[in-house]
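S.K.: this is a predicted model, with the sequence first.
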Amino acid sequence: MRNVFTICGKEIRSYFTSPIAYLLMALFGLIFGYFFFSATIVFVNQGLRMQLGGGNTPMSVNEWVIAPMLGNASVVGLFLIPLISMRLFAEEKRSGTIELLMTSPVRDWEIIIGKWLGAMAMYLCILAISAINVALLFAWGRPDWRPILTGYLGLILQGGTVLAIGTFISTTTRNQIIAGGTTFAVCLLLWVLSWVSSYNEAPWAQAVAYCSILTHFEPFSKGIIDTKDLVFYISAIFLGLFLTSRSLDSLRWRA
């Protein structure tokens, strides 16, 4: 595991020695802050209307503020995560260091896991920016912390899935723009597959909708952990990293 953590540390340093880490963190913080502000204003205005109307039904901060924020954060991830994964192997191929990496005394799976963990660490740093907004809710209110942790677990699993897919795509090209664009297109397709079930209830439509990453994130955003959703994300991560391993093998054969 020493090699894995060495490669992981190298990837993390490469993000923070370039503007990409700070740009992504600032961009996510700005967008998530806007979502937080909008959801909070809607929550406060709705509470005032209910009080003026004589309503006594309590409003849930988790339902009105946190769930919409986490749902929007998952959409933003579709745009930002490909920017994290696009350079993992494409930059190595462009700079010519892929040959040195492939001939080093490091196993392929150590390279893959190390780079994927480095990308995951970058993604977690981006998600950590949103903790500032969530902390404000605890400072001024009493939201339930369990659905929040469940929602963040969903974001982490979804991000890990997209990063695994992006890691594989990054091995297929030396152009970072192509890698990022292709990753975004594939993940957007996996996102909209859930739309099929809205107009067709046939078994094949349900099977297609099951492959959507949106379908499996929605329970997490509502504070629900379902085994089938965990299995889906873990299987998708494993498949993405397995395809990455096969792609590296093909690079060795072509070399």
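M.R.: Alright, I've got the coordinates. Residues are numbered from 1 along each chain as shown.
S.K.: buried ones in stretch 190-200?
M.R.: Buried residues in stretch 190-200, counted by 16 or more other Cβ atoms under 10 Å: 190, 191, 193, 194, 196, 197. C-beta: built from backbone N, CA, C; applies to glycine.
S.K.: distance of the spatially most central residue of the chain from residue 196?
M.R.: Nearest residue to the geometric centre of the chain (Cα atoms, centre = their mean): residue 159, 2.0 Å. For residue 159, the distance to residue 196 equals 24 Å [Cβ to Cβ, to the nearest Å].
S.K.: repeat that for residue 70.
M.R.: Counting by Cβ to Cβ - residue 70 and residue 196 are separated by 24 Å.
S.K.: and the closest residue to the residue nearest to the centre of the chain other than its chain neighbours, how far from residue 100?
M.R.: Nearest non-adjacent residue to residue 159, counting by Cβ to Cβ, 6 or more residues apart in numbering: residue 123, 4.8 Å away. For residue 123, the distance to residue 100 (Cβ to Cβ) stands at 27 Å.
S.K.: look at these two and report which has more neighbours.
M.R.: Each of residue 123 and residue 100 has its neighbours counted (other Cβ atoms under 10 Å); residue 123 has more, 23 against 10.
S.K.: who's in contact with that one?
M.R.: 77, 81, 84, 156, 159, 160, 163 (Cβ atoms under 8 Å, 6 or more residues apart in numbering).
S.K.: of these, which pair is most distant in space?
M.R.: Distance extremes for the contacts of residue 123: the farthest pair is 84 and 156 at 13.5 Å, using Cβ to Cβ.
S.K.: which residues outside stretch 16-23 are in contact with it?
M.R.: 15, 83, 84, 87, 122, 125.
S.K.: swap the cut-off to 7 Å and go again
M.R.: For stretch 16-23, contacts defined as Cβ atoms under 7 Å, 6 or more residues apart in numbering pick out 15, 83, 122.
S.K.: what helix or strand does the last one sit in?
M.R.: When elements are defined using DSSP states H and E, residue 122 is found to belong to helix 108-129.
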